[in-house]
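Participant: the following block contains a protein sequence and its predicted model.
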Amino acid sequence: MPETYSIRDLAAEFGVTSRTLRFYEDKGLIQPLREGTTRIYRQRDRARLRLILRGKRLGFSLAEIKEVLDLYNLGDGQVTQMRTLLARSRERIEALKSQRQDIDDAIAELAEGCAAIEGFLKQKSMPGKAKDSASDQTDETNPKARAVG
């Protein structure tokens, strides 16, 4: 595994664009070395990029990700970083549980609506069963009859 990477190398490896990498650099999430206008990424940048993308996939904001990454070099054996990550992860779990409940509620409401619509349609499609009235079907002056036709 090489010790340095080009912007193209990392973009290809992680399935992101060069623009994404420059954006993360602008936000202070990664800090490649420079040789003229060429960016040179180190193993540290690669590891940080992996964590950034994992954090994004899990729903963390870039500010939250940066907060955790910036705690790496405190000199406390990463204890503060891990405590912060644990707290943010627990908060994210609760937020996801709440979203899941909202989704489950929406699914249940939609399923009830579908069942009611299916019942309505089944009742309307049964010949000889209780329809609005026989005149609704033939009376051209009736708005209900005209809307169907």
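Facilitator: Okay, I see it.

Participant: would you tell me which strand is longest in the chain?
Facilitator: Secondary structure of the chain per DSSP state E: the longest strand is strand 38-42.

Participant: helices and strands around that one, which ones?
Facilitator: strand 4-5, helix 7-14, helix 18-26, strand 33-35 (3 or more C-beta pairs under 8 Å, 6 or more residues apart in numbering; DSSP states H and E). C-beta: built from backbone N, CA, C; applies to glycine.

Participant: now the spatially most central residue of the chain. Nearest residue, chain neighbours left out?
Facilitator: Ranked by distance to the mean C-alpha position of the chain (C-alpha atoms, centre = their mean), the top residue is residue 59 at 6.6 Å. Leaving aside its sequence neighbours, residue 59 sits nearest to residue 92 (C-beta to C-beta, 6 or more residues apart in numbering; 5.9 Å).

Participant: helix/strand/coil for the one you found?
Facilitator: Per DSSP: H, G, I helix; E, B strand; the rest coil, the secondary structure class of residue 92 is helix.

Participant: what's the neighbour count on it?
Facilitator: 15 (other C-beta atoms under 10 Å).

Participant: now swap in residue 66 and tell me
Facilitator: Counted with other C-beta under 10 Å, the neighbours of residue 66 add up to 18.

Participant: over to residue 80?
Facilitator: When neighbours are defined as other C-beta under 10 Å, residue 80 has 14 of them.

Participant: average pLDDT for the helix or strand hosting it, rounded please.
Facilitator: Secondary structure assignment for residue 80, by DSSP states H and E: helix 79-125. Averaged over helix 79-125, pLDDT sits at 96.

Participant: elements contacting that helix?
Facilitator: Here helix 79-125 touches helix 62-70, going by 3+ C-beta pairs under 8 Å, 6+ apart.

Participant: and stretch 69-88, end to end?
Facilitator: End-to-end distance for stretch 69-88, by C-alpha to C-alpha, to the nearest Å: 13 Å.

Participant: just to revisit the earlier point, name every strand pairing with the longest strand of the chain and say which way it goes.
Facilitator: strand 4-5 (antiparallel), strand 33-35 (antiparallel) (DSSP bridges).

Participant: wait, the residue nearest to the centre of the chain touches residue 91, no?
Facilitator: No: contact criterion C-beta atoms under 8 Å: residue 59 and residue 91 do not qualify, at 10.4 Å.
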